[in-house]
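> Sequence first, then the predicted structure:
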Amino acid sequence: MMNNSGASAAGSSSGSGEGSAPRRNFKRPKYSRFTQQELPACKPILTPQWVISVVEIVDRYDSACIPRNMAKDKVAYIQNAAINKTCNRTLKVLKNMDQPIYVYYQLDNFYQNHRRYVKSRNDAQLRSADEASETSGCDPERTTAGGAPIVPCGLIAWSLFNDTYSFKRGNENVMVNKKGISWKSDRDHKFGKDVYPKNFQNGALIGGAKLDPNKSLSEQEDLIVWMRTAALPTFRKLYGKIEVNLKANDTITVTLENNYNTYSFNGKKKLVLSTTSWLGGKNDFLGIAYLTVGGLCFFLATAFTVVYLVKPRKLGDPSYLSWNRSPLGY
Amino acid sequence: MARTGRIREKLRWSKIYTFSCIRPTGSMTADASPSLSLPGPGHSRVVRCNQPHAHRRNPLNYPSNYISTTKYNIVTFLPKAIFEQFRRVANLYFLLAACLSVTSISPFSPVSMIAPLAFVVGLSMAKEALEDWRRFVQDMKVNIRKAIVHKGNGRFGNKFWHKIRVGDVVKVEKNQFFPADLLLLSSSYEDGICYVETMNLDGETNLKVKRSLEVTLPLEDDQSFNDFSATIQCEDPNSSLYTFVGNLEYERQVYALDPSQILLRDSKLRNTSYIYGVVIFTGHDTKVMQNATESPSKRSRIEKKMDYIIYILFTVLVLVSLISSIGFAVKTKFEMPEWWYLQPQRVGDSHLYNLSTPGLSGIFHLVTALILYGYLIPISLYVSIEVVKVLQAMFINQDLQMYDEETGNPAQARTSNLNEELGQVDTILSDKTGTLTCNQMDFLKCSIAGFSYGLRSSEVEIAAAKQIASEESGGSVQNGSGIDYWENGGSSCGSSPEIKLEGGITCKIEKARKPMIKGFSFEDDRLMQGNWLSEPDPDVILLFFRILAVCHTAIPELDEETGSFTYEAESPDEGAFLVAAREFGFEFCRRTQTSVFVRERYPSSADPIEREFKILNLLEFNSKRKRMSVVIRDENGQVLLLCKGADSIIFDRLSKNGRMYEVDTSKHLNEYGEAGLRTLALAYRKLEESEYSTWNTDFLKAKTAIGPDREAQLEQASDMIEKELILVGATAVEDKLQKGVPQCIDKLAQAGLKIWVLTGDKMETAINIGFSCSLLRQGMKQICISPVNKDLITQDANKALVLSLVTEQAVKEDIQKQITNASQMIKLETDPHAASALIIDGKALTYALEEDMKQQFLSLAVDCASVICCRVSPKQKALVTRLVKEGTGKVTLAIGDGANDVGMIQEADIGVGISGVEGMQAVMASDFSISQFRYLERLLVVHGHWCYKRIAQMICYFFYKNIAFGLTLFYFEAYTGFSGQSVYDDWYMILFNVILTSLPVISLGVFEQDVSSEVCLQFPALYQQGPKNLFFDWYRIIGWMSNGLYSSLMIFFLNIGIFFTQAFRQGGQTADMAAIGTTMFTCIIWAVNMQISLTMCHFTWIQIVLVCGSIATWYLFLLAYGESSPLISGNAFHILVEALAPSPVFWSVTLLVTAACNLPYLIHISYQRLYNPMDHHVIQEIKYYKKDVEDQCMWTRERSKARSATKIGFTARVDAKIRQLKGKLHMKVSSLSAQTVVLPPSPDVL
């Protein structure tokens, strides 16, 4: 709240800058509640409930989930389909976490925003079954070797993330709800209810996850989330929601399938559990930025005010006109 | 149009005139002088007179009389205009980008590149087309004028100008323009002379006499052309106005032709009822068209500087692209092979991501990057500037205060691309006749027998009196409205009809000063209505009037409606004298070959008596002699020499007993001169019969002498008789300045502008005008540079042609010496108030403009407060303009009204044409046209000032905005492995420049006013912000660019930081590229729009609507775009409604980034306002707090201080006077040391 007022204080101290601009000659100001600053207002008071409290648990598991004997050749490990890649992690809850608790996977050094990658999709094909053969733009993952169109085509779908997580608190299974993790508009309008995966991950190169050919794309929420390409090479994507409260000092066991290859490009993989507030997730930067800018405004406003009080310049003082300042004028 | 039996005027001028009209005696037959057939190249033109059909076939098929000054025609428009458009570097770049956009290299869709380009180029071309169309219409108006042309069998009929062919015989009637270059065959005068006004060619207003060959004189009516045929052989078309070489073969004889038989297109027939002539040159072959240079396309300094900025941005662009492509190549080579999710091994058909050739991919990527970061270079900049300028021009055109009620002409910005240049003018080069003066003389005062008559004051006196009155009243001007004393005209001074000037001149200020009679503003009852008879010396006065009525070369014309006479005089002065004589009761009514008849109403009170004065000789005026005389025999048989001339000349020639009134008269002459009047002294001499006849024999001998020294002999003879004169008095004629000229010059001088006058007139005339418009004043050092002792030189030249080169050299050295001396003198001058004026003659100017001397001349001229160049040719005007323009590097403005000013108008940075009486040439060539000189003040001080600031601010802002936007794309690149992906949707980027940010910036460029127009006029010093270029210097430009850089950093990194990995909504969703891009874009829209609101200091509802509107448009667009099919909107589908709007982070980021971006600028302007305010800031505050109303004293004081220290103009004149008075007072004080002296309040004012 404070930074807000700071900004406006700076604005008014330098009001001479633009204050004199709209010159109108109203003789007497008209009464209105607005100009007299009597508008009805709500007056929020900073109570403890307003303080943002977000709890976040981050667990990096990419190297930990490699058996020690394979640590030297992670890529070979991950590419070997024959090895069972199940891995167990234990997480400690430090603070109470109220449901819903969001489960994210975070990848690092993964260029989902690469132009070749971003372009490699076809919205028309995703939307309607009639357009199944529409694969333009999906290079290089357009068709199978036989020439049949891949649905969904393109690199994005092909490289779908395929690690899976399941959670246990003690012996009790904690369910992860994977419904409703994508944007509703995507489910309703962009991924067709009648479009089913076809020829997907059939080629020589297997990218990421396979899709259930019996589920329409609009139900494949993991895909929908994945297809929303991230802006930065480090990104989180929603995996699901845990709809029970976790208490402080709870121990959570995560059983995960470590399938996705981030080892070729030295990408990290992290599992994140986080609650949210009205501002979203844990976001220190926003607060810091606001405090900095607001503080700066406040400081400047004070500085200008002080300077103005100490050494004021009479507004409209003709002695500041250039011909009065330089002895010879122009 | 057949001749209506009109009697030919029987006048043989050749009999009376001394110098001209003497026909080359004898003609040469073809065989007698074979050398006359013109040889060689350059003289190949053959014209078959009266056989236009002969000129329809080669080789005599010359161009028709059709003229066209358009740049394009229907066929050439498209290629030529497109070529013009793509000469702009930026446009070429965008064209290239558009071409590449259809390939896979492009980061954008083709339509997003092509559409804006097509829009921008299309708009510019439409403007070109419109302007060319206007030129075409103007040409057509000239082409379809009608002329009377011989159609065969002695019948004449009308024909369009453009249909006239070479060889046609045309008849031109009085006051018509010649449709082509003609050979004069015969005229309504018996001896084949005609009068021509060449105003449009060289600006000279006196009439020139042209005469036909003797042999063609019999061709005096329509019928005689039935079987007329002749052949002309002459020079090829060329641009020299004053030469012509050719010969006429007529009835098997060859006659030499010279320039005096040639009538040039666009000059006007005067004082002659009609002439016949044969067409020699048509259309673009005519001398005037050959002189017309193609109007250069001018660009303002700001625009030129803008090019440099664009080059800088190009450099940045290339640099950034290089970084990007190198980064891409490196990433491709070292990292991409690991990125299995891109399937890097499957290259496909493009080389873009080829792992084996990262270098090649890098090069491809360079192109991509160049297109991607193209937003650094604002595509819409040119078109926005164009739109703004057209709107600014519209405001200039619509300005009611530059609308002339009398002629109905508003000011017109003919080319809109120089508006801002108007705000940076440093030197004004002005024509005199028709620009400063109306070329109308008013007889105002006279001094007869040592008494001064004439009560009316000249405009100069009136204005000076008003000024001093207002200064004396301590600045508390009666009219509190803050309007300058100039503006309230005569009306407010009606209350104080008599104002005592320090000089002791009592001047009466009439309420409405309208001369009832054109050319006569004299008002003094002592001389009117015959009252002069009771004055002390009535016989001297009588003589004075007789000299006025007799000593001239004019022809009377009876106005049948009013019964009074009007006079066709060679110069307007003479006309004014005759009108004056008429009003005094000496009406010149008739002229015959030998006599002048004057109807004298006095001294007999009965009916007017017509007296005859026999003209024995006429010694005419020329600029060397500076006098004219007639030798007459009056009715008593007394031979008299009546003489009028420049005072210095006359005073030198007075006899001992003729100096009775010399002291008084010269005092009066000084007063008149001071009042800005043109003066002539009048004198006479009584001649004994024997004395006269001796002289007359000498004179006749001289007159009939053949050979080069005839003129010298004639002059000598004239000298013999024009001596021992008796002074009668002096006349003072007001060369009526155009309305408001002195005031305007004063204001312009106060604004710090230098004014040069370039005129074709005589030196004395020019100096007089200099005085009357306050460019010169008494006490100013006049540095006159002219080749001295010309007579000697010409004589030398005559004696030995070999010497001519040497003398040429001598003249040059002499002028060089004069210039050096003058510069020396100015350097040694210690008095800061001393001012000097440079007056240079055209002849001297030829030398001064030579390569080795011009710098010296220029530095002298720059040191002088005012510069007057007299007797300059159109070409010299242009050369002087070029010298000033290139030598000083400052902006020059040329203003003129006639065709002779065209060169200067085109050469100057800004050409202003006066759309008045004198044809349209000047206006056609000009960039701006106004109908009166005085509108120049408003044009420069108000519109120029505004436009300069507007454009400067607008361009700076434009670059800021595009840098702030374009660089975010680059930063994002670094996060995408330099792959060329843009974070924004294509549509956002198209709309950014074209819609979302264009209108506020246009409103800035069109409506911004730092101070109101009244304040601009009251504080002319504000104008200096333009010539000093305070708003578009590199400091400011770099400042704005840094601001853009800062903003881009803020926008990008704040957004990235906030949206990094975590959820941005309560629902846990993380931001994808579309969300981040859209939020960033929202921040940009807010930041740049807030920035422009901080920049503007003049908000009308339009600005408010446009600024708010463009922010609102963005949200509306986002809404609409989100609602469109996901196939179009892609990831932006429902983005505002579903993802962003419900998220508080989205809104708070917008606020944060907007505040952060504008903080530095806010600090800057706050600091500047508080501690370093500029003039307009302080004035804004004064106005805002209404201090000008509360403290009028301060306001007036500041206004007078705001004047630039100037040495010309009224203000300077008054200042000088006050200094002089102060000096006197000071002396008094020191002498009366014991007494207390009360100083009059006036000196304290300044």
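Sure, I can see it. Residues are numbered from 1 along each chain as shown, chains lettered A, B, ... in the order given.
> and residue 234, how many residues sit next to it?
Let's take chain A. Around A:T234 there are 18 other residues, counting by other CB atoms under 10 Å in any protein chain shown. Any C-beta I mention is one placed from the backbone N, CA and C, and that applies to glycine too.
> That was the other one, I meant chain B.
Other residues lying near B:C234 total 21 when counted by other CB under 10 Å.
> cool, the one 5 residues further on as well?
Applying other CB under 10 Å, we find 13 residues neighbouring B:S239.
> any idea how far it is from B:L201?
Here the criterion is CB to CB, to the nearest Å. By it, B:S239 lies 11 Å from B:L201.
> ditto for B:S929
Plainly put, B:S929 is 20 Å away from B:L201 if you go by CB to CB.
> same check, this time on B:L370
If you go by CB to CB, the gap between B:L370 and B:L201 works out to 54 Å.
> swap in B:Q1192?
When distances are taken as CB to CB, B:Q1192 and B:L201 turn out to be 52 Å apart.
> Which one's more surrounded, the two?
Neighbours around B:Q1192 and B:L201, counted as other CB under 10 Å, are more numerous at B:L201. The numbers are 24 against 15.
> How is chain B partitioned into domains?
Per the record's domain assignment (the TED database), chain B is made up of the domains B:40-65+B:167-269+B:281-285, B:68-163, B:322-377, B:402-438+B:737-788+B:810-939, B:440-464+B:517-735.
> Nearest to chain A, out of the ones you listed?
Nearest to chain A among these is domain B:322-377; the distance by CB to the nearest CB comes to 3.7 Å.
> Can you report how many residues neighbour residue 171?
Reading this off chain A. 6.
> My question was about chain B, not that one.
Residues contacting B:K171 under the criterion other CB under 10 Å number 20.
> can you map out the strands along the stretch 1-150 of chain A?
For the stretch 1-150 of chain A, the strands defined by DSSP state E, counting those that start in this stretch occupy A:56-60, A:86-92, A:101-107.
> where does the stretch 701-850 of chain B come near chain A, residue by residue?
B:G752 (CB under 8 Å from any CB of the partner chain).
> low-confidence ranges in the stretch 701-850 of chain B?
Applying pLDDT under 70 to the stretch 701-850 of chain B flags residues B:705-708, B:762, B:778, B:788-807, B:832-833.
> switch to 80 and redo it
Low-confidence segments of the stretch 701-850 of chain B, defined by pLDDT under 80, are located at B:703-712, B:735-737, B:742, B:760-769, B:771-774, B:776-780, B:786-811, B:828-835, B:843.
> what about the strands in it?
Using DSSP E, counting those that start in this stretch, the strands assigned to the stretch 701-850 of chain B run over residues B:726-737, B:754-758, B:781-785, B:836-841.
> among these, which is nearest B:F281?
Minimum separation from B:F281 across the strands of the stretch 701-850 of chain B (CB to CB) falls at strand B:754-758, 27.8 Å.
> got the buried residues for the closest one?
By neighbour count with 16 or more other CB atoms under 10 Å in any protein chain shown, strand B:754-758 contains the buried residues B:754-758.
> same thing with stretch A:121-129?
A:121-127.
> Touching, B:E671 and B:S458? I think so.
No. Between B:E671 and B:S458 there is no contact, the gap being 10.3 Å when judged by CB atoms under 8 Å.
> Could you check which of the two has the larger neighbour count?
A direct count of neighbours by other CB under 10 Å for B:E671 and B:S458 places B:S458 higher, at 26 against 18.
> mind listing what the more buried one touches?
When contacts are counted by CB atoms under 8 Å, 6 or more residues apart in numbering or on different chains, B:S458 touches B:444, B:675-677, B:734, B:772.
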